[in-house]
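> Kindly generate the corresponding structure for this input.
(2 chains, ligands or ions: 1)
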Amino acid sequence: MNKFIPYTARYAVLPMENVDTDQIIPARFLKTTDKVGLGDNLFSDWRYDSNGQPKPEFLLNKPFTKGVEVLVAGTNFGCGSSREHAPWALQGFGFKAVLSTYFADIFQNNSLKNGLLPIVISPETYQLLVASDAPNPGHATLSVDLANQTVTLPDGSTMWFPIEPFAKYCVLNGVDQLGFLANADSDISAYEQTHTTRVDTVGL
Amino acid sequence: MATTPQTLFEKIWNRHQVRPETSETPAVLYIDLHLVHEVTSPQAFTELRQRGLTVRRPGQTIATMDHSTPTTPRNAQGIIPVLDTQAQAQLTQLESNCRDFGIPLFALGSENQGIVHVIGPEQGLTQPGMTIVCGDSHTSTHGAFGALAFGIGTSEVGYVLATQCLLQSRPKTMEIRINGRLSKGVGAKDIILAIIAKIGVGGGTGYVLEYTGEAIRALSMEERMTVCNMSIEGGARAGLIAPDETTFEYIKGRPRAPQGAAWDAAVADWQTLVSDEGAVYDAVVELHADEMAPMITYGTNPGMGIPITGYVPTAGDMADESARAGLAKALAYMDLEPGQSLIGKKVDVVFIGSCTNSRISDLRLAAQVMQDRKVASGVRVMVVPGSQQVKKQAEAEGLDEIFKAAGAEWREAGCSMCIAMNGDQLKPGQYAVSTSNRNFEGRQGKGGRTFLASPLTAAATAIAGAICDPREILG
Ligand code: SF4
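Next up, the predicted model:
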């Protein structure tokens, strides 16, 4: 994971609610044993027809979404399965952040683990982003500053967004949680000494 | 001295804090049992290898093959053939990962293989008061035993393999109280579909649900698993039901259940795992079992459910513009009309299986409907047991013969058509009544259309060839 650097980017608007992880990356693409290449199949069933040809009417096939780095989507984005392939696919496509009024929580956790920022916005901000995009889709820009937890909107105004402090620390510094957990080793051992009854799967 | 009353969730949470939450960091939570399957684990093992790490507690980890495994009947040599090379690679990799890291595995062909959420309870591994995780969102199933069980992503699978711990922020609690008694033909699946229809697919986000009330107490363990299984479909990562005699009875004598004096000690402890009188939940929702009918979904998320005798909603029933757009999109995908009844709607496939409804009691219900009856012509009916053990039990009871005589397919154990990544899937445009848990676009196959329902409703539909209220058949 790389360190976070503040950026300004163009965004694409997917004005749909309850976008589930089966839409983000259908299960048949989960037969992979690594993380690469999933971006090609992001939103596969919406993006390609039954012959594998791009459907011109779908957002990510429109020329103006080429090179966008932020996705703005309807509420409850990422509901459904726990597949981390969903953030891997979004990042594989080139997205650095998703903005929605609400995220399903496993998706949110998984995204943060990979440095894909799930940014919770108010319904008003969502409306503003939709309206700013409408006249010339894919051209308006926004800026993301994680250190200050702000997004600067196309109209120049700035909004603050919440993020859990430890997740913020990890994304800012490009580190993952495993190091922190590994450092808790002595506490974990102490816990195991005092909590000794547990199941044993060995021999099953 | 009076102590503050605690919810069941708080009791389990407190027991597992290696380090409490601070303003800077989430709690370090100890994980008692980690379930692993082939689809969400390969990248985690790769990470472990790259960092030179080992699995901290192989004996608290169990692996199985279920998601990408075929459920086609065995060949003449008794082997279940895997034709998909990508799936085969995933299975081979799980095998070598388990071998290298010392993790017990129920591989394809073994007598204990099955869906990850079916095998844990079956082996007696799932016990009250535990913390249980798996790289699968339906881990909530295990909450039926009063265990805090939730789905995690692949990064977290790696963390748990390496440290047996997770960093977790404390969720809120929601009591879902189901008063009264269910009437005939209405079951656990209908309860949970009714709950999700009420709270919505995001209504439980950030909460751990605790199901309480007379109707929940009256459920068997397998029915409780059906309810907890779909907690995630309401957005909640976990669902809980306090353990009671029904729970203890179910666990007793299973392969990894405590024995002898350890059993008595365990039960004494488990009996304390209830929400105290006066414990406060962050939210409370109440429903009445007496008012419930068999439920069925009409749309493309599990919250889009109605009583089977009801009607598909119209734009006028929706709260706002985006809900109207969501309804229109769902109905276009399903090719249904607002205001229509679903009863009598012809279907192409009936799928009875998945971690929601593939246990022996589910199969008994389906068999009860299908006994001495025939599947309607032109309908493909698949009955897929949740595990090899369920399959064996069903065969001992002659259920397989009932299904086959009716014209249904009797398959090997696995996720099958619940997830359409193992060869079992709908064709574009087909309609299915399915006992699984997700009706998302394409979930059961690209272009496929899913109606979620109970095993009774699914079996009745199989016979009628069209969506059918099971109460009509049961009389
Ligand atoms: S049966 Fe379906 S929901 Fe359950 S674990 Fe398998 S794929 Fe997931």
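> Next SSE downstream of the lengthiest helix in chain B?
Among the segments of chain B that qualify as a helix by DSSP state H, the longest is helix B:85-101. As assigned by DSSP states H and E, the chain's next helix or strand after helix B:85-101 is strand B:105-106.
> what's next to that next one, contact-wise?
Strand B:105-106 is contacted from outside by A:204, B:62-65, B:94-95, B:98-99, B:112-114, B:119, using Cβ atoms under 8 Å, 6 or more residues apart in numbering or on different chains. To be clear about C-beta, it is placed using only N, CA and C from the backbone, and glycine gets the same treatment.
> Pairing partners for that strand, with directions?
When pairing is defined by DSSP bridges, strand B:105-106 lines up against strand B:61-64 (parallel).
> Run through who's touching the partner strand.
Under Cβ under 8 Å, 6+ apart, the answer for strand B:61-64 is A:201, A:204, B:33-37, B:41, B:55, B:94, B:97-98, B:103-106, B:112-116, B:119-120, B:123, B:125, B:161.
> thinking again about what came up before, and the longest helix of chain B with the ligand, contact?
No: shown here: helix B:85-101 not in contact with the ligand (Cβ under 6 Å from any ligand atom), separated by at least 13.4 Å.
> can you pull the buried residues of that helix?
By neighbour count on 16 or more other Cβ atoms under 10 Å in any protein chain shown, the buried set for helix B:85-101 is B:86, B:87, B:88, B:89, B:90, B:91, B:93, B:94, B:95, B:97, B:98, B:101.
> That helix: how far from the chain's middle?
24 Å (Cα atoms, centre = their mean, to the nearest Å).
> Next: stretch B:133-140.
9 Å.
> so what secondary structure elements neighbour the longest helix of chain B?
strand B:33-37, helix B:42-51, strand B:61-64, strand B:105-106 (3 or more Cβ pairs under 8 Å, 6 or more residues apart in numbering or on different chains; DSSP states H and E).
> if I pick the residue in chain A that the ligand sits nearest to, what's in contact with it?
Going by Cβ to the nearest ligand atom, the ligand is nearest to residue A:81 of chain A, at 7.0 Å. Residues near residue A:81 by Cβ under 8 Å, 6+ apart: A:20, A:21, A:22, A:27, A:106, B:136, B:137, B:151, B:438.
> for the ligand, what are the nearby residues on chain B?
B:66-67, B:115-117, B:136, B:138, B:354-355, B:415, B:418-419, B:436-437.
> filter the residues you listed to the buried ones?
Here, 16+ other Cβ under 10 Å leaves B:66-67, B:115-117, B:136, B:138, B:354-355, B:415, B:418-419, B:436-437 buried among these.
> Using CSV, please lay out these together with pLDDT.
Listed next are those as CSV, based on pLDDT from 0 to 100:
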residue, pLDDT
B:66, 97
B:67, 97
B:115, 98
B:116, 98
B:117, 98
B:136, 97
B:138, 98
B:354, 98
B:355, 98
B:415, 98
B:418, 97
B:419, 96
B:436, 98
B:437, 98
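> now the helices for the stretch 301-450 of chain B?
B:321-334, B:360-370, B:388-396, B:399-406 (DSSP state H, counting those that start in this stretch).
> The first one close to chain A?
Yes: under the criterion of Cβ under 8 Å from any Cβ of the partner chain, helix B:321-334 makes contact with chain A via B:322, B:323, B:325, B:326, B:329.
> what's the burial count for the closest residue to residue B:234 other than its chain neighbours?
Excluding the flanking residues, the one nearest residue B:234 by Cβ to Cβ, 6 or more residues apart in numbering or on different chains is residue B:204, at 3.9 Å. Here the number of neighbours of residue B:204 (other Cβ atoms under 10 Å in any protein chain shown) works out to 29.
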